[in-house]
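[1] Model the following, please.
(chains A, B, C and D, ligands or ions: 4)
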Amino acid sequence: MTVLERPATSLLPEPEPYRVLGTSAEPEPGLWTRLYRELVRGRRFNEQTTALTRQGRLAVYPSSTGQEACQVGAALSLGPRDWLFPSYRDTLAAVARGLDPVAALGLLRGDWHTGYDPRAHRIAPLCTPLATQLPHAVGLARAARLRGDDTVALALVGDGGTSEGDFHEALNFAAVWRAPVVFLVQNNRYAISVPLSRQTAAPSIAHKGVGYGMPGRLVDGMDAPAVHRVLTEALARARAGEGPTLVEARTYRFDAHTNADDAGRYREEAEVADWRARDPLTLLGSELRARGLLTGDVEEEAAQAAERLAAGLRAALGADPPLSAADLFAHVYASPTPQLREQAASLAEVTR
Amino acid sequence: MTVLERPATSLLPEPEPYRVLGTSAEPEPGLWTRLYRELVRGRRFNEQTTALTRQGRLAVYPSSTGQEACQVGAALSLGPRDWLFPSYRDTLAAVARGLDPVAALGLLRGDWHTGYDPRAHRIAPLCTPLATQLPHAVGLARAARLRGDDTVALALVGDGGTSEGDFHEALNFAAVWRAPVVFLVQNNRYAISVPLSRQTAAPSIAHKGVGYGMPGRLVDGMDAPAVHRVLTEALARARAGEGPTLVEARTYRFDAHTNADDAGRYREEAEVADWRARDPLTLLGSELRARGLLTGDVEEEAAQAAERLAAGLRAALGADPPLSAADLFAHVYASPTPQLREQAASLAEVTR
Amino acid sequence: MISMAGALNLALRDAMAADPAVHLLGEDIGTLGGVFRVTDGLAAEFGEDRCTDTPLAEAGILGTATGMAMYGLRPVVEMQFDAFAYPAFEQLVSHVSRMRNRTRGALPLPLTVRIPYGGGIGGVEHHSDSSETYYMATPGLHVATPATVTDAYGLLRQAIASDDPVVFLEPKRLYWAKDELRPDAPPFGQAVLRRPGRDATLLTYGPALTVCLEAAEAARSRGFDLGVLDLRTLVPFDDETVCAEVRRTGRAVVVHEATGFAGPGAEIAARVTERCFHHLAAPVLRVTGFDIPYPPPMLERHHLPDVDRVLDAVTRLQWEEA
Amino acid sequence: MISMAGALNLALRDAMAADPAVHLLGEDIGTLGGVFRVTDGLAAEFGEDRCTDTPLAEAGILGTATGMAMYGLRPVVEMQFDAFAYPAFEQLVSHVSRMRNRTRGALPLPLTVRIPYGGGIGGVEHHSDSSETYYMATPGLHVATPATVTDAYGLLRQAIASDDPVVFLEPKRLYWAKDELRPDAPPFGQAVLRRPGRDATLLTYGPALTVCLEAAEAARSRGFDLGVLDLRTLVPFDDETVCAEVRRTGRAVVVHEATGFAGPGAEIAARVTERCFHHLAAPVLRVTGFDIPYPPPMLERHHLPDVDRVLDAVTRLQWEEA
Ligand SMILES: Cc1ncc(C[n+]2csc(CCOP(=O)(O)OP(=O)(O)O)c2C)c(N)n1
Ligand SMILES: Cc1ncc(C[n+]2csc(CCOP(=O)(O)OP(=O)(O)O)c2C)c(N)n1
Ligand SMILES: [Mg+2]
Ligand SMILES: [Mg+2]
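    Residues are numbered from 1 along each chain as shown, chains lettered A, B, ... in the order given. Ligands and ions are numbered 1, 2, ... in the order given. Sure thing, here's the model as predicted:
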């Protein structure tokens, strides 16, 4: 009982965030151009959706502009049988994974809570109560392993969300069960207005891993190939039965918390400018260009894909969705209770 | 943003639990004999209370036999203006701090929830919902500092309790606020029947500190001078404004979880025997004896103090406590609502 | 003859044997068999992957169980005591109860949360809460509570087989009550008349059923013929049976252990009155725990509805006007 | 003229100026001034130690606030939205509500939990719950909810000055409603007749008051003279005023946004019926949110009680028999 049961040092994160861009890492042209294309689409998605929100077509939009490398890196690292557990800010990750953008935006548009079938797409509902989706990811991952499937769950959470008890409980269960799950913290340094220094005094968020006996890894969240690499390794580790990993990506949201937020109240323009200088799109674009990998075709195709996406959004969100008040009662239980049938009838009476 | 904001290595626990007994540490005869006396009293307290529980004089008793070095070490390290936040297993810590044993046992006897005035004694109510007292300790410590008092809070929790979200949130708040609070985890390797390996995969519980940016320390929980020393240092650190510390004491409960539990269902007698061989009372007694510090006077006085305590318990708990059904309504609010006055009257009618 | 704890154990065993998707999670439910021994022997029989001792964290238990259900399993969670289910409240209210609705039915959540509840066992603080109101007030949850060993078995099997989440409240003080186990428990949503009576109806459930039956017996000598209706499930609520009975007798008393103010009896009294107003000779009265935190063991008998308090309410049903 | 958010802000400012023991804790309440700007300017004025942005963890917020109250401070906690108070449920139920009782009065807990609640603002999932039932059903808590700017200021000052914990529910959709702030808010536990009426009484509180006043106005043209009673505090409950009014009119409808089943209206209807049975010409009816999870923004108007639904209930008060 007197010695440490497990070696701890191997679990601590490297002191510097892992990077691919601007290093001597071997380029992966196919992957990088794919990431580039998705970043271009992703940026356009964020911008178009923000514009539509300003026009009143969505209830609210928490943009991930600036965080596209995390969103796209996460989506593209997943296998088809894996599950994604997004937070309310991760619509883009779902879209980059292939989900119909209009379905993905259902929650934020406001016609229903979840606009898609989570099982069909292996994307859990976008989750609003912070960190509460993390234990779901752990449970689902464990269930998959018990069933003998090689499914891995990737759960996304923000820096603020790491303070919630659910973060702690989820990571602890995952480690004790060696569940095939990966936690990606998008550390964008703010929880609405609250800066990281008021959120935690830890050396880094990745350092939280050791307290659960899982490795913590630190990655540059503006470097899409780096995010993709670190997540791919963590997912492979999980798939191989070696247990969960905690990944911290250092990133930044360029926009306010949501369209309803006034970021000028809590952060300096100079700070935003510093981070904009590390725009994930520019970083990857420049590197591709410098290496001669960004042909006109690639750029053209990416731009067109982005415009198609934007046009689709404008068309679909410009129209009013079909609504049915009867839906309010239809899915509370597998079959409505007598009381709900009464209530549905009374409402039908009024709205007829 | 790319480098670690704080050095992490200084926060990690030493690989071996800190020990005083059996080492070349300078003896502190006065302190050690005081600890010894309290261990003897503490053991007697646990045994007598267990016996009284078997006789039906208490509703339940979670014994701390085997953990007396932690209980006594905690109590004796506190200054008079400090606060103790005990869990349901820490009656002895409250008694060792000087609280009337009968008042301390109120909860477990069952005549009222808390048998003493927490403010008068600076001992929070014995807490049953696991880990929920930890944020209280943090808040109280912060309030004291805001008021300019040099009060420190010492909060006790079990190994099982570290899995709760409240543990996480409390430690995080404490570190962010640099609150003058010390967390002592009595790691007795079981949460009722659940062994540590099912509770956490961490290298040690003390390793959880780094994830909050607070030092984690490991101590031999059977070594009373060691526990006292580590806590004293941590309390001094907190008092000096240097923030919280997480202390893990490795210990063992010799008895079942409570009198209602059947420990034979989940642990081997051989394991219990191994730990009994490290009885905190024997360890300190032998060392004192070996160093010629355990005079007959000391032993005699300790034995007598223990017997006085036991006799007092038998006398007080042998009698039925005064009970008043009116109390049920008197303290729900500062003054009873009209509804409670009605209800109190209706009960008085019936019980008259 | 089998105890209620035994009947629950049997229900779990049979459900696990019948469906490999049934998985148990909780604190001390494995080797120990649960602090009330309801899962006794199940880890040994079905393996620790099917009957799992989790880390000590109730939100984590319910949250991971939710994820398991999302993957198609049928988790059955044990909360060790009523008050220790509160840490899982957010998961229950914000996720478990809403998952089906949130996804327009695409993601049903077949999950059972077993909660030993109520007092009368001399438990210290936080070990005797009657928390059913919180669950009744949360749309999307079924709330069941057996008062007999037959219902303990039958309702638990139905709960586990349900495609909706069920909060399954087990009256702690009935765990050791023994009776014949019959195979014919009626379905969810059906109240059962445990004793017919002409003069007034006692509406009750769970731990208070025994008190009501005793009160009805005692009332006989005072000239009152009281019926006793066991609600069995609070959600769904059996308006039909309840109203038919109250309309027949014209008088009703709701009896439960939970605190009265905004408690289960409020809903029961309100809905019965809405539906049976002109059949009522007197207002529906309530005999409940007082509006206080649950008392310490030595005082709990004052708090719990007993035969005297039930009879007192019955005598206040304005008989002079009958 | 001042908005309700402004009145609440003023109440906090005045309370902080009057008593250095008053400390604010919450998410984004400092620099940002709260997502509804209720704490705007307070960190600048009183310093960050008095108006503190905490880490993002509601149980931690309420738990540490509890510790601060144990040391003699008067914490005022902001929960960002109704549903985000659920993680703090255990601290609220197991500690905040019971600390005084647990210690026989030795450790009072003067703590206010401010919770923006209810719908009608187009909020997405988890941003529009009416959670008052959970708090009403928890002995030891006071539950207050203002419907006017005068009460927003007055009740909040009283809540902070109270030596007991208060759950202070702020109707989100009234935050921007402006009115004259008067200095004469009545005390806790006193309902206020917002409109006198002879024929029937609407019993309501918080966000539904406006709807009731509009309904009463609309009813006039249909020949109904409706009174509107604003309960203001759900705990303590003003039986006296409520019953006096209902006895006078003989008919009552409870109106609230929260779901109906086991909701606040259940208690109100049940206790009014118990106390006024022979004065009632019809059962007390309820107009409430449906028994469903709160709907998405585009459908919420169907869920919320509106003038039509209130009038419909009024017409069902069995007038033909009058
Ligand atoms: C349990 C809970 N508490 C509070 C909120 C309100 N809220 C929404 S987003 C947010 C900040 C989240 O910060 P972070 O986790 O860093 O994610 P980010 O917004 O930066 O992506 C808060 C406080 C919530 N959604 N859930
Ligand atoms: C929130 C909560 N969940 C469950 C329990 C039931 N319970 C009481 S003690 C205990 C085990 C505690 O283990 P640990 O924290 O290691 O303390 P120890 O008993 O070993 O001192 C459990 C599960 C509780 N008291 N509180
Ligand atoms: Mg963030
Ligand atoms: Mg333990």
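
[2] Now do the strand or helix carrying residue C:258: which elements does it pack against?
    Using DSSP states H and E, residue C:258 sits in strand C:252-259. Packing contacts for strand C:252-259, counted by 3 or more CB pairs under 8 Å, 6 or more residues apart in numbering or on different chains; DSSP states H and E, involve helix C:132-136, strand C:200-204, helix C:209-220, helix C:264-276, strand C:285-289, helix C:307-315. (Glycine included, C-beta is placed from N, CA and C.)

[3] of all the ones you listed, which lies closest to residue D:246?
    Closest approach to residue D:246 among the helices and strands packed on strand C:252-259 (CB to CB): helix C:264-276, 13.4 Å.

[4] Give the rounded mean pLDDT of the closest one.
    On average, the pLDDT along helix C:264-276 is 98.

[5] Give me the contact list for it.
    The contact list for helix C:264-276 (CB atoms under 8 Å, 6 or more residues apart in numbering or on different chains) reads C:132-133, C:136, C:203, C:205, C:231, C:234, C:237, C:239, C:242-243, C:246-247, C:252, C:254-256, C:258, C:260, C:280, C:283-286, C:288, D:261-263, D:265-267, D:269-271, D:273-274, D:283-286.

[6] relative to strand D:252-259, how tilted is that helix?
    130 degrees (axes from the mean of the first three to the mean of the last three CA atoms, to 10 degrees).

[7] tell me the contacts of the closest residue to ligand 3 within the stretch 151-300 of chain C?
    Nearest to ligand 3 in the stretch 151-300 of chain C, going by CB to the ion, is residue C:165, at a distance of 31.2 Å. Taking CB under 8 Å, 6+ apart, we find residue C:165 in contact with C:96-97, C:109-113, C:140-142.

[8] Tell me which of these fall in strands.
    Residues of the contacts of residue C:165 located in strands (DSSP state E): C:112-113, C:142.

[9] okay if I get those as TSV plus distance to residue A:342?
    Formatted as TSV, these follow (distance: CB to CB, whole Å):
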residue	distance to residue A:342
C:112	27
C:113	27
C:142	18
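
[10] Identify the spatial nearest neighbour of residue A:208, chain neighbours not counted.
    Spatial nearest neighbour of residue A:208, excluding adjacent residues (CB to CB, 6 or more residues apart in numbering or on different chains): residue B:211 at 3.6 Å.

[11] got a list of what that neighbour touches?
    Residue B:211 is in contact with A:202, A:207-211, counting by CB under 8 Å, 6+ apart.

[12] hmm, back to that, quick one: which of the helices and strands packed on strand C:252-259 is nearest residue C:151?
    Smallest distance to residue C:151 across these (CB to CB): 9.8 Å, for helix C:209-220.

[13] if you look at stretch A:98-116, does any of it touch ligand 1?
    No: contact between stretch A:98-116 and ligand 1 is absent, the nearest approach being 12.3 Å (criterion: CB under 6 Å from any ligand atom).

[14] CA atoms of that stretch as CSV?
    Extracted in CSV, the C-alpha atoms of stretch A:98-116 (Å, rounded to 0.1, in the frame of the first residue of the first chain):
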residue,chain,number,x,y,z
GLY,A,98,-21.9,15.0,-42.6
LEU,A,99,-25.1,15.9,-40.8
ASP,A,100,-27.6,18.0,-42.8
PRO,A,101,-26.9,21.6,-41.7
VAL,A,102,-30.5,22.5,-41.3
ALA,A,103,-31.1,19.4,-39.1
ALA,A,104,-28.1,20.3,-37.1
LEU,A,105,-29.4,23.8,-36.5
GLY,A,106,-32.8,22.6,-35.3
LEU,A,107,-32.1,23.4,-31.7
LEU,A,108,-30.9,26.9,-32.4
ARG,A,109,-33.6,27.6,-35.0
GLY,A,110,-36.2,26.6,-32.4
ASP,A,111,-38.6,24.4,-34.3
TRP,A,112,-37.7,21.4,-32.2
HIS,A,113,-35.1,20.5,-29.6
THR,A,114,-33.1,18.1,-31.7
GLY,A,115,-33.5,18.2,-35.4
TYR,A,116,-32.1,14.8,-36.3
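
[15] Pull the distance from it to the chain's centre.
    Mean-position distance between stretch A:98-116 and its chain equals 15 Å (CA atoms, centre = their mean, to the nearest Å).

[16] With stretch A:254-271 instead?
    20 Å.

[17] Pull up the distance across it, start to finish.
    Using CA to CA, to the nearest Å, the end-to-end distance of stretch A:254-271 comes out at 10 Å.

[18] Let me know whether that stretch sits next to ligand 3.
    No: applying CB under 5 Å from the ion, one finds stretch A:254-271 separated from ligand 3 by no less than 8.6 Å.

[19] Quick one: residues contacting the residue of the stretch 101-250 of chain A found nearest chain B.
    Residue nearest to chain B within the stretch 101-250 of chain A: residue A:165 (1.8 Å; CB to the nearest CB). Contact analysis of residue A:165 by CB under 8 Å, 6+ apart lists A:131, B:164-166, B:168-169, C:57, C:59, C:87, D:57, D:59-60, D:87.

[20] Please consider this matter closed, and thank you.
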